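Trainee: pasting the structure only:
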């Protein structure tokens, strides 16, 4: 099989889509599946093992950390003709995805589209709610001829089904349980960040409106007086709302910027509660990373994360956007450390069942099925015409 993969984000970008696709590329290399990656040029380093076609890009005006690709359809189609893919995997409905889709339609090639982001929910946070109906019309058009639409969670599956998207398949996510493990818990984190409070509350992710940082800020500011000395917040990440969050933060908050690899794994394992208010996740990779680290997760009861958390078994669900509810949950469970540890153990058990290798091998089976189905359809048309 020869695969062409299209994405608007890739390593070293720090987000779930970039990380998942980078892992996929490495897995395809291990399985000797030749693939060509199309992605914005600013994100590729010189040591990348996969064949890459990069294109010019500019910052997205709403979110400068994200890039808008400016692909040349002619150049991309010329590279695809030379590569002769058996299948196209399109991981973005926007700039980088459009040339891939046009090529697949023109040459009647099998193609699958993976849905990674609830952009309709993002539009609400950026005061562009009036564009949501237009967004869904475009998504319906973009997906209508695909051999499969791959979704990361049951919640996303139902959302797209209700929007009329067909041929849906679940492509879940895994976690590296050797990297993320409770064994990496260490008191050195407390020494490094001068933390003396009994409980470390951790947030990991972009500090941006769609993550509902306002609800996180409310909880930081409004914990009861008796609770404040017992907790220390560690905020891992960066984004457009960081200056505002930092400006209003009390002394029991530490901002680390982005952490990666061992540093991030150690932070997860050394915390006591993961707090994640985002209601817009299609899956929630950071929640599964926290669970793998033995860290109970307190998350908004919305999006794909609610498919990971079983209430009071491996974490806590609270009403999305309700800062007071988040404060109540932190106050209650912060006084029940034994229950938190028990939920952390259950989270680890769930994570141990999420092997990246099994998930990617199942995806390869879905690729093969799409190619075979398209081949059968082409043969049937020939027989019918004859």
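Mentor: Received, thanks. None of the values given here were measured: they were computed from a predicted structure.
Trainee: what's the domain layout of the protein?
Mentor: Domain assignment for the chain by automatic domain parsing gives 2-174+355-385, 182-351.
Trainee: give me the number of residues near the residue lying closest to residue 362 once chain neighbours are set aside?
Mentor: Nearest non-adjacent residue to residue 362, counting by Cβ to Cβ, 6 or more residues apart in numbering: residue 171, 7.7 Å away. All C-beta atoms are positioned from the backbone trio N, CA, C, and that covers glycine. Residue 171: 23 surrounding residues under other Cβ atoms under 10 Å.
Trainee: quick one: residue 171 from residue 23, how far?
Mentor: Using Cβ to Cβ, to the nearest Å, one gets 12 Å for the distance from residue 171 to residue 23.
Trainee: does the closest residue to residue 182 other than its chain neighbours sit in a helix, a strand or a coil?
Mentor: Counting by Cβ to Cβ, 6+ apart, residue 294 is the residue found nearest to residue 182 once chain neighbours are left out, at 3.2 Å. Classification of residue 294 using DSSP: H, G, I helix; E, B strand; the rest coil returns coil.
Trainee: if I look at residue 294, how far off is residue 203?
Mentor: 17 Å.
Trainee: How about residue 74?
Mentor: According to Cβ to Cβ, residue 74 and residue 203 sit 44 Å apart.
Trainee: For these two, indicate the residue with more neighbours.
Mentor: Using other Cβ under 10 Å as the criterion, residue 74 and residue 203 rank with residue 203 on top: 24 against 9.
Trainee: and the closest residue to that one other than its chain neighbours, what does it touch?
Mentor: Leaving aside its sequence neighbours, residue 203 sits nearest to residue 235 (Cβ to Cβ, 6+ apart; 5.1 Å). Shown in contact with residue 235 (Cβ atoms under 8 Å, 6 or more residues apart in numbering): 203, 207, 245, 253-256.
Trainee: Serialize those to TSV and add fields for pLDDT and distance to residue 183.
Mentor: Output for the contacts of residue 235, formatted as TSV (pLDDT from 0 to 100; distance: Cβ to Cβ, whole Å):
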residue	pLDDT	distance to residue 183
203	98	23
207	96	29
245	97	31
253	98	27
254	98	23
255	98	26
256	98	21
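Trainee: Now secondary structure too, for these, in TSV please.
Mentor: Shown next, in TSV, are the contacts of residue 235 (three-state DSSP):
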residue	secondary structure
203	strand
207	coil
245	helix
253	strand
254	strand
255	strand
256	strand
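Trainee: With respect to residue 361, which of the residues you listed is nearest?
Mentor: Using Cβ to Cβ, residue 203 is the member of those that lies nearest residue 361, at 32.9 Å.
Trainee: Show me what counts as buried in stretch 27-42.
Mentor: Of all the residues in stretch 27-42, those buried under the rule 16 or more other Cβ atoms under 10 Å are 27-28, 33, 35-40, 42.
Trainee: Doesn't the residue nearest to residue 203 lie inside a helix?
Mentor: No - counting by three-state DSSP, residue 235 falls outside a helix, being strand.
Trainee: follow-up on the earlier one: return the distance of the residue nearest to residue 362 relative to residue 135.
Mentor: 22 Å.
Trainee: again, but for residue 69
Mentor: Computed with Cβ to Cβ, the distance linking residue 69 and residue 135 is 18 Å.
Trainee: likewise residue 319?
Mentor: Relative to residue 135, and taking Cβ to Cβ, residue 319 is found at 25 Å.
Trainee: what do you get for residue 213?
Mentor: For residue 213, the distance to residue 135 (Cβ to Cβ) stands at 23 Å.
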